[in-house]
Structures are given as structure tokens and as C-alpha cells.
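K.L.:
Sequence and computational prediction follow.
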Amino acid sequence: MASPGLQSHFDNANPEVQEPLPQLDDIKVDYHPHSQIPSTIHHFADFSRTRPTEASVPRNHTPWEPFRTRLDFEVAEIALEAALTAEQTNRLLSLVHRSARRDETFTLRNHDEVRELWSTASQRFTPFQVDVVSVPYQNKVHEFDMHYRPLWDWALDMLRDRRLAPHFVFDAQRLYKFNGTRFVRFIDEPWTADAFWDAQSRLPPEAKPLAFILYADKAKLSSFGAQKAYPIVCRIANLPVEIRNGTGIGGGRIVGWLPIVSEDSEHAGKSSFVDFKNAVWHESFLKLLESVIQISRTGYWFECGDAIRRLLWPLILILSADYEEQCIMALIRGLKGKFPCPICLVPRDEQSVFAESEETLRLARAKKSKKEREKLLKTYSLRDVENVFWRMLFADIHRALSFDRMHVYHGGLWRHHLWRELQFWILELGREAVVQMDANYDALPRWSNLTHFSKVVGVDFNDSSHHEDISKMAIFAAQRILRRSQSKLGYLLLRCIRHYIDLDIYAGFEVHTEDSIVAGRQALRDFSVLMDPVTGKDWNFPKKHASSHLFDDILAKGVTRNYNTKPNENMHGPVRDIYHNRTNFKDVATQILRYDHWLLTLTSMRSELDELDEYNRNANLPTTEDADTENPAISVAPAPFTHVKLGSAQGDISFASLEQSHADDRAFIGFRIKLNGFLNTFFPTNNIPLPDGKRIHLQADNKIIGYKYLQVNYESMVNWRQCKDLLRCNPEFFGFPRYDCVMVQTDNQPFFARLIFMFGCSIGETNLSLALIHPYDVGIGVRSKHDVDLGLWRVRAKPRSSPEFISVRSIIRGAVLASDPGRQGDYFVIDTVDADMFLRVKALQVV
């Protein structure tokens with residue numbers, strides 16, 4: 001939906017009362033009409049998502065109860081987190097008794113008492129319960145245990161929590177940012193997208209949507225997969241993503257444990273047996289949803305943690321799952337079916353046709369014979385099973401199913417298709433090409449949050465995050481190997497990979513605007529156009545088709561991290577750890593879920609205890625936090641600007657000593673003389689008075705302080721939040737020299753450079769933080785077809801003997817540059833390291 005322009009915003013303005021014109025980056029919020037909240041406009045710096053709250057005393061001054069003392073709780077906390085055995089716990093308690101401080105009593109006696117106290121403490125949250133699910137098959141009723149927390153009771157636990165109350169959002173919003181000409185709509189959280197707005201429109205005016213995000217998938221527990229888990233994870237879409245996808249109170253929690261039907265060799269592969277397994281899944285899931293199904297028709301008045309009574313209306317907004325699980329949720333026949341997409345339910349050759357699965361099943365069951373019924377259902381790739389989600393009012397299973405970036409792209413389209421094809425063409429060129437590909441990956445610079453690979457060809461990586469990182473680097477590693485003159489199809493594949501990476505980066509944006517969605521759709525079209533002729537491969541499969549729903553899902557449910565399976569699958573690891581460390585490998589569901597419930601209790605109690613400690617500190621002594629908590633070993637030089645912070649000081653060094661110690665480096669020739677020239681220009685340009693009004697003449701025995709570390713804080717072009725790069729300028733960083741690159745601001749176009757030396761110096765009363773850099777700003781001229789085809793942004797280095805001085809404040813952010821093996825002194829900006837750099841390079845390409 002296009003955002004309203006300025007005229008529509010001011011049409012109803014009183015001509016006698018002139019409203020101030022919006023300023024650049026102002027945020028406009030339109031609230032759903034049912035909220036009866038008028039539209040508001042905020043200056044960007046004043047805009048906040050959370051409601052202001054008054055400082056209040058902690059709700060609990062003894063949050064360690066039912067443990068008798070705080071020391072009891074904190075020792076039990078360590079034992080629970082470390083998954084100590086009964087014998088290890090008893091030894092720990094014995095040691096603590098021997099060394100307990102006199103001013104704090106320690107009373108825990110043994111492991112059994114600790115377990116009993118955790119059981120008592122955990123009663124603050126909705127516990128798991130077990131029901132038997134009965135499903136007939138082959139004239140026999142089969143029974144399965146379903147472990148679950150009643151979903152509505154679990155939700156009320158979250159809603160009554162005073163700590164979460166300021167963060168809940170109950171009314172749909174449409175957000176806009178002023179670009180100097182018009183307000184441009186942007187979308188991030190579910191309540192800023194269309195499905196939440198539409199859902200509130202269908203409810204009574206006083207009702208507030210309470211939106212659930214549900215995930216389910218199997219996970220291996222034992223090494224060989226003989227023992228499996230089948231957890232259901234729930235998140236509340238009304239909470240911000242930082243809380244919702246986090247591990248604290250308000251984060252995703254296991255709310256159910258589905259039974260797994262054992263494979264039967266006699267019936268395996270039969271349509272009736274597959275229907276039976278699907279029926280077990282849906283009947284079991286019904287147990288979880290029973291508590292919300294009736295409420296989805298009537299609503300539920302409840303006093304939330306902010307002491308406000310609301311008519312809450314549950315809805316399933318998002319189903320997060322991989323393709324196989326989506327087929328079970330939608331009850332379609334999957335890859336081999338004629339309608340393989342669980343979202344749009346269209347034939348492969350009729351993508352514009354939409355089918356209603358519930359109506360189709362009703363028509364099929366009206367048929368006289370089982371054969372006729374199966375024929376009709378098979379025609380639409382559906383199964384003869386009642387879908388549990390049909391019981392929820394306003395639940396549309398096909399619209400709730402969502403694009404899963406991790407499985408569709410990183411673990412699917414890339415891992416099983418594009419990456420396999422790329423390796424095929426590399427191998428086709430022979431062993432030398434394979435060795436060169438691995439060497440190119442190994443030569444790429446190291447960067448924060450980016451895995452460094454020394455070998456990739458032929459290595460089977462199971463982690464989708466590794467595949468995501470491999471894809472980001474693929475173009476830069478392969479561009480000199482798969483040349484158009486050597487491998488036309490291989491080169492065409494590289495072009496496809498470039499478009500795929502662009503599309504994946506757009507898919508991962510944490511905030512989308514109308515403009516970025518247009519750009520993303522264009523990237524999808526470009527990718528689709530190139531894909532069909534590549535290598536003669538048939539690309540007609542669901543994970544490629546899923547991209548057609550990507551931007552519709554963003555408009556409907558917000559950005560993809562709202563429904564990506566990655567944070568849910570990250571919970572499989574802790575479940576696996578509990579299985580190995582806290583169970584006897586029998587009746588594992590009961591043991592795992594009990595321990596998980598205790599961990600939830602621990603998380604809540606620890607949060608309350610931290611809240612109490614903070615309150616007590618503020619009531620007595622003010623506290624200050626380390627300016628660099630992520631790297632406390634680095635001393636940060638004081639600076640009046642938070643944009644940059646120098647650290648890891650190396651002590652004073654004279655100019656004479658500096659030039660002598662770097663005598664073999666042409667960049668340091670005439671260091672002091674060149675610095676004098678820079679300062680005598682820098683001071684007047686920045687309206688800094690020269691000392692005593694005289695030109696600066698630094699002497700050989702004058703001293704400066706060298707630094708090896710720089711933190712650069714910058715505003716992301718994607719989500720407009722502060723990000724930071726931790727940069728190194730170090731001759732020996734973990735045994736290797738590391739001199740990071742930067743993007744430098746000028747009056748015209750930014751340029752790229754490599755850090756050579758960072759230092760602080762004092763001129764009179766002025767303290768300066770400066771850097772000697774190697775600029776990569778030699779003119780390239782017209783971009784080559786090769787660079788344009790592969791989306792490469794080439795930069796060229798000046799001679800090493802032509803360095804420049806800059807203020808570190810002129811550094812926009814860090815950058816990663818890959819050398820071009822085909823031309824010495826040329827580098828490519830790796831714009832795929834993150835979405836911010838991607839947009840910054842896009843801006844350079846259109847200048």
C-alpha cells in the first residue's frame with residue numbers, strides 16, 4: 001500500500017492553526033481506528049517504541065523464595081545451569097557449607113532438597129501436563145502421549161508479568177518516515193504490517209489481538225538419531241523482536257511435545273498410513289490449542305501487568321516451519337503432489353489459481369466411495385484429515401504459513417542447488433581451480449560475525465549459518481576462476497548467484513520501506529529471469545517458488561526475522577544438552593520438559609534478583625559501566641564524541657623513534673613533516689585556532705600515543721539504529737598482522753582506505769585522534785562488463801608512498817576489501833558483509 005503524501009496529511013488541517021511542517025526523518029504513526037488514538041508525528045530522535053514507565057520499587061524484595069536465602073538460590077542456580085548430577089551437587093553443597101560467609105546463611109543440605117525447591121518455585125508458571133491422544137488406524141485405536149502447556153494459560157503468564165507490560169503492543173500501527181518530500185511507509189514488527197491491522201479490523205472495536213507465532217519440527221537427540229524430540233515453540237507477536245526472539249522472560253518457549261509415530265515397514269509409504277501420521281499430529285496439536293479455540297470466538301477480559309483490563313482476542317498470526325513441516329500443517333502431499341506449495345495451493349502450471357483446502361475436503365467427503373474421495377483430494381494434493389487450525393476463528397492456515405529464509409535460501413536454494421552447481425563447474429576446470437577456490441576463501445579478510453573458511457570445496461557443512469557466510473563470499477572467491485571466456489555456463493551461474501545474494505540480503509532486512517520492497521521485488525525478477533536457462537537444470541521446485549511469497553509475507557507479517565525458523569532451531573541445542581546431561585534416556589519427554597520448566601523459573605527469578613540489585617544500587621550509590629564492556633582489556637581513550645573510540649594504547653613514542661622503527665615502510669617517510677602540513681590545513685578548515693596564532697611545527701622529539709583498536713559507532717541505513725565496528729590496526733593480532741579497512745567521509749563521495757597507524761596527539765589545548773591511511777581512491781573510469789555483471793565495486797590503491805592523514809571522526813564505518821588476483825593494487829568492496837554496506841555500495845553505484 002502506498003503511503004499518503006503530504007497533501008493527504010494536511011487536508012483536514014484548520015487553516016487558522018498552521019501545523020509545523022515535518023522535518024527530515026520525522027516518524028508518523030497511524031493507529032488502528034479501533035484504538036481511538038489519533039495519528040502522531042515524532043522527531044526521529046524522540047521516537048520510542050516502548051511506553052514510558054515510572055520508576056517503581058521491585059515487586060518482590062525476596063525473589064529467591066522458596067529458597068530460604070539468596071545464597072541458597074545462587075548456588076542452586078549454578079547447579080541447575082551446569083546440569084550437575086546428584087553426586088556433584090552434594091559435593092558442591094558440602095564445599096559451600098565449609099566456606100560460607102558468616103553474614104549470609106547457607107541452608108541447603110542435599111540434591112533432593114534442591115529438586116524439591118525448584119519444583120515449588122516452578123509453580124509460578126503454567127506447568128506441562130500430559131494427555132492421551134487416540135487415533136484409529138486399520139481397525140485399531142492407537143494411543144499417544146501429548147505433553148503440553150495449555151497455550152492460553154501460558155500466554156496469561158506473560159501478560160500478567162509487570163516486567164513485560166511496557167513492551168506489549170496491542171493496537172495495529174502504520175509507520176512512516178519523512179524523506180524530505182513525502183512520508184514513506186516502513187514495516188518491521190508484526191503489528192506494523194497488514195495482517196495484524198486486518199485482524200483487528202475483524203474484531204469488536206474494544207478487542208485487542210493477541211497474536212501467536214508457532215513453530216514445530218523434529219530434532220535429533222541422540223548421536224545417530226534413534227531418539228528424537230518434537231517440540232512446539234511459541235512466541236507472542238505483540239512483543240518486540242529483541243524480546244520475542246531472545247532467551248529471557250518473554251522469549252520463545254517450548255509449549256508442547258508432539259508424539260512421533262514409529263515407522264511401520266508393513267505400511268510405510270501407503271497413503272493411508274501417511275494420513276494416519278498427519279491425523280496424529282493434528283489431534284495432538286489440538287490439545288495445545290483447545291484452551292484458545294473457544295476464546296477465539298468470544299475474547300477474554302484480563303487485567304494485564306500494567307493494571308489495564310483488556311478484551312484479548314487470540315489469533316494464530318504466523319506459523320514458522322520448514323517445508324516438510326508446512327506440508328503437515330497445511331495437510332498437502334508435498335514435493336510429489338500436484339499442488340506442492342502449502343501457501344498458494346496452485347498447480348505448477350497454474351500459479352494464479354487459488355484453492356480453499358477446507359472447502360475441497362468437504363466436497364471430497366461428500367463423495368460416495370473412498371476411491372472417489374481420494375481421487376479428488378489427490379487432484380488438489382490434499383489429505384483426508386481434519387486440520388486443527390480450522391477450529392480457530394479467523395485462522396487461515398495458508399496465510400499464516402510463512403517464508404522461511406533459513407531453509408528456503410541458506411539451507412535450501414543455496415546449499416542444495418546453487419552451491420552444488422558452483423562446485424560442479426569449479427571441479428570441471430580441474431584440481432588447480434579447486435585449490436585456487438579454497439585459497440581465495442582463505443585469503444579473504446577476517447571480519448566480525450563472518451566465518452572464515454580455509455577450505456570449502458567438497459566440505460559438507462551442516463550449519464545453515466555457514467552456508468550463508470559461504471554464499472556471501474562466493475562471488476569474490478570465484479570471479480577470477482569462472483571467467484566468461486573459460487566457462488560460459490559457469491559465468492552465467494555466477495551472475496545468478498550475485499542476484500541470489502542481493503535477493504537474500506533484501507530478504508534479511510530488519511526494516512523494510514516501500515522503496516526497499518520495490519527494490520527487493522526487482523531483485524527477485526532479475527534472479528528469476530536468469531535462473532531458467534542456467535546449466536539446463538530444472539529449477540521448478542517449491543523452495544524456488546517460495547520466493548514468490550517473500551515480499552507479500554513482509555507486507556502482511558513484517559520482516560522475515562519475525563518468522564524465520566533460525567531462533568527456534570537454536571533451541572534444539574539446549575534440548576539436546578538436557579537429554580544428554582539430565583535424563584536417564586527413558587521417558588525423556590517428561591524429564592526434559594521438567595528441566596526446561598525449571599530453567600524458565602530460574603530465568604524469571606534471576607531477572608527479579610537483578611532488578612532488586614539495580615534498585616538497591618540506585619538507591620544508595622550511582623554506578624557507571626565500563627565504556628567498553630565487550631572488551632574490558634582495551635583501554636579506551638577519552639573522546640568528546642561517541643562516534644569513535646580509540647583503544648589499546650601503546651604508550652608515548654617520539655616522531656624520531658616512530659620513523660626509525662618504520663624505516664622500511666614507505667608510508668612513514670616524512671611522517672612528521674607531512675603531519676605538520678595536514679594540521680596546518682586541518683585546524684583552519686575546522687575553525688580550530690592555531691596555537692598562539694602560529695603555524696604548527698612539530699619537532700622530532702615531540703611525542704604521540706599509538707593505538708591498535710578503534711570502535712566506530714554508526715547509524716545503520718537499514719534499521720536506523722546504532723551499529724558498531726571493532727577495527728584493528730595491529731602488527732600482531734593473534735599471531736597475524738591485521739590492518740582493517742574503512743569507509744571515509746568527504747565533502748563529495750566517500751572513499752575506502754586501509755588503516756596504517758592510529759594515534760592521538762595534543763596541539764596546544766586541542767586533543768586530536770588521527771589515523772594514517774592508505775587511500776584506495778584512484779579513478780577507475782568506466783566499470784567493466786565483468787564488474788557490472790557480478791555487481792562488483794572495484795577500488796584502486798594509491799602508491800604506498802602516498803598515504804594521507806585523517807581525523808578518525810571522518811570514518812563512516814569499517815569495511816572489508818578483497819584483493820583482485822588479476823590486477824595488483826585493485827580491490828573489491830565486499831558489500832555482502834551486511835545490509836548496511838550493501839546499501840552504501842548501491843548508493844555509490846548510482847552516482
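P.N.:
Thanks, I have the structure now. Residues are numbered from 1 along each chain as shown.
K.L.:
Spell out, range by range, the helices that occur in the stretch 151-300 of the chain.
P.N.:
151-159, 194-202, 241-244, 271-293, 295-298 (DSSP state H, counting those that start in this stretch).
K.L.:
Scan this protein for its longest helix.
P.N.:
helix 588-620 (DSSP state H).
K.L.:
Pull out the buried positions in that one.
P.N.:
For helix 588-620, the neighbour count (16 or more other CB atoms under 10 Å) marks 588-589, 591-609, 611-612 as buried. (C-beta placed from N, C-alpha, C; glycine too.)
K.L.:
Tell me the helix or strand right after that helix.
P.N.:
Per DSSP states H and E, helix 588-620 leads on to strand 644-654 as the next helix or strand towards the C-terminus.
K.L.:
helices and strands around that following strand, which ones?
P.N.:
strand 703-715 (3 or more CB pairs under 8 Å, 6 or more residues apart in numbering; DSSP states H and E).
K.L.:
Please name every helix or strand in contact with the strand it packs on.
P.N.:
strand 644-654, helix 655-661, strand 722-733, strand 751-763, strand 811-815.
K.L.:
Lowest average confidence across helices and strands of this structure, where is it?
P.N.:
helix 6-10 (a mean of 36; mean pLDDT, DSSP states H and E).
K.L.:
List the pairing partners of the next helix or strand after that helix within its sheet, with orientation.
P.N.:
Downstream of helix 6-10, the first helix or strand assigned by DSSP H and E is strand 27-31. Looking at strand 27-31 with DSSP bridges, its partner strands are strand 40-42 (antiparallel), strand 173-178 (antiparallel).
K.L.:
Pick the most deeply packed of those.
P.N.:
Using mean count of other CB atoms under 10 Å, the stretch among the strands paired with strand 27-31 with the largest mean neighbour count is strand 173-178, at a mean of 21.
K.L.:
measure Arg185 to Val241 for me?
P.N.:
19 Å (CB to CB, to the nearest Å).
K.L.:
which of the two has more neighbours?
P.N.:
More crowded of Arg185 and Val241, by other CB atoms under 10 Å: Arg185, with 22 against 18.
K.L.:
In this structure that one contacts His512, no?
P.N.:
No. Using CB atoms under 8 Å, Arg185 makes no contact with His512, being 9.3 Å away.
K.L.:
Name the stretch among the helices and strands packed on strand 703-715 that sits most buried.
P.N.:
Ranked by mean neighbours (mean count of other CB under 10 Å), the helices and strands packed on strand 703-715 are led by strand 811-815, with a mean of 23.
K.L.:
outside of that one, which residues touch it?
P.N.:
644, 710, 712, 714, 723, 725-727, 740-745, 750, 752, 771, 829-830, 836-837, 840 (CB atoms under 8 Å, 6 or more residues apart in numbering).
K.L.:
in the helix or strand following it, what counts as buried?
P.N.:
Tracing the chain C-terminally past strand 811-815 and defining elements by DSSP H and E, one meets strand 817-819 next. Within strand 817-819, the residues that qualify as buried are 817-819, counting by 16+ other CB under 10 Å.
K.L.:
For the residue positioned nearest the centre of the chain, which non-adjacent residue is spatially closest?
P.N.:
In the chain, the C-alpha closest to the average C-alpha coordinate belongs to Arg561, at a distance of 5.5 Å (CA atoms, centre = their mean). Of all residues not flanking Arg561 in the chain, Val241 sits nearest, at 6.1 Å (CB to CB, 6 or more residues apart in numbering).
K.L.:
helix/strand/coil for the nearest residue to Ala330 once chain neighbours are set aside?
P.N.:
Closest residue to Ala330 apart from its sequence neighbours, by CB to CB, 6+ apart: Pro342 at 3.7 Å. Under the three-state scheme (DSSP: H, G, I helix; E, B strand; the rest coil), Pro342 adopts coil.
K.L.:
again with Ala395
P.N.:
coil.
K.L.:
which intervals of the stretch 51-200 of the chain have sub-threshold pLDDT?
P.N.:
51-57, 100-104 (pLDDT under 70).
K.L.:
Please apply the same query to the stretch 351-500 of the chain.
P.N.:
In the stretch 351-500 of the chain (pLDDT under 70), the answer is 351-368, 370-384.
K.L.:
circling back: and the helices of the stretch 151-300 of the chain as CSV, adding distance to Asp577?
P.N.:
Formatted as CSV, the helices of the stretch 151-300 of the chain follow (distance: least, CB to CB, whole Å):
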stretch, distance to Asp577
helix 151-159, 23
helix 194-202, 35
helix 241-244, 23
helix 271-293, 24
helix 295-298, 35
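K.L.:
Of the ones you listed, which is nearest Ile213?
P.N.:
helix 241-244 (7.5 Å; CB to CB).
K.L.:
next one: that closest one to chain centre, how far?
P.N.:
Relative to its parent chain, helix 241-244 has a centroid offset of 10 Å by CA atoms, centre = their mean, to the nearest Å.
K.L.:
likewise stretch 777-794?
P.N.:
31 Å.
K.L.:
circling back: and the buried ones among the contacts of strand 811-815, selectable in PyMOL?
P.N.:
Here is the PyMOL selection string for the buried members of these, based on 16+ other CB under 10 Å:
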select buried, resi 644+710+712+714+725+726+727+740+741+742+743+744+750+752+771+829+830+836+837+840
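K.L.:
which one is Ile688 nearest to, not counting chain neighbours?
P.N.:
Thr766 (5.9 Å).
K.L.:
That neighbour pairs with what?
P.N.:
Ile763.
K.L.:
That one contacts Asn686, correct?
P.N.:
No. Between Thr766 and Asn686 there is no contact under CB under 8 Å: 9.8 Å.
K.L.:
Of those two, give the one with the bigger neighbour count.
P.N.:
More neighbours surround Thr766 than the other of Thr766 and Asn686, with 14 against 10 (other CB under 10 Å).
K.L.:
that older thread, reformat the strands paired with strand 27-31 as JSON lines; add distance to Ala193.
P.N.:
Output for the strands paired with strand 27-31, formatted as JSON lines (distance: least, CB to CB, whole Å):
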{"stretch": "strand 40-42", "distance to Ala193": "19"}
{"stretch": "strand 173-178", "distance to Ala193": "9"}
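K.L.:
quick revisit: thought the residue nearest to Ala330 was touching His398?
P.N.:
Yes. The pair Pro342 / His398 is scored as a contact, 6.8 Å apart, by CB under 8 Å.
K.L.:
so what's in contact with these two at the same time?
P.N.:
Ala330.
K.L.:
These two: which has the busier surroundings?
P.N.:
Higher neighbour count among Pro342 and His398: Pro342, with 26 against 21, using other CB under 10 Å.
K.L.:
quick one: that one from Leu317, how far?
P.N.:
From Pro342 over to Leu317 (counting by CB to CB), the distance is 16 Å.
K.L.:
Quick check, Ile704 in contact with Phe759.
P.N.:
Yes. With contact defined as CB under 8 Å, Ile704 reaches Phe759; the gap is 4.6 Å.
K.L.:
on that earlier part again, list the contacts of the residue nearest to the centre of the chain.
P.N.:
Applying CB under 8 Å, 6+ apart, the residues near Arg561 are 241, 245, 508, 510, 567.
K.L.:
what's the pLDDT at it?
P.N.:
For Arg561, the pLDDT comes out at 97.
K.L.:
Just to be sure, it is in a strand?
P.N.:
No. Counting by three-state DSSP, Arg561 is not found in a strand; it is helix.
K.L.:
secondary structure class for Leu770?
P.N.:
strand.
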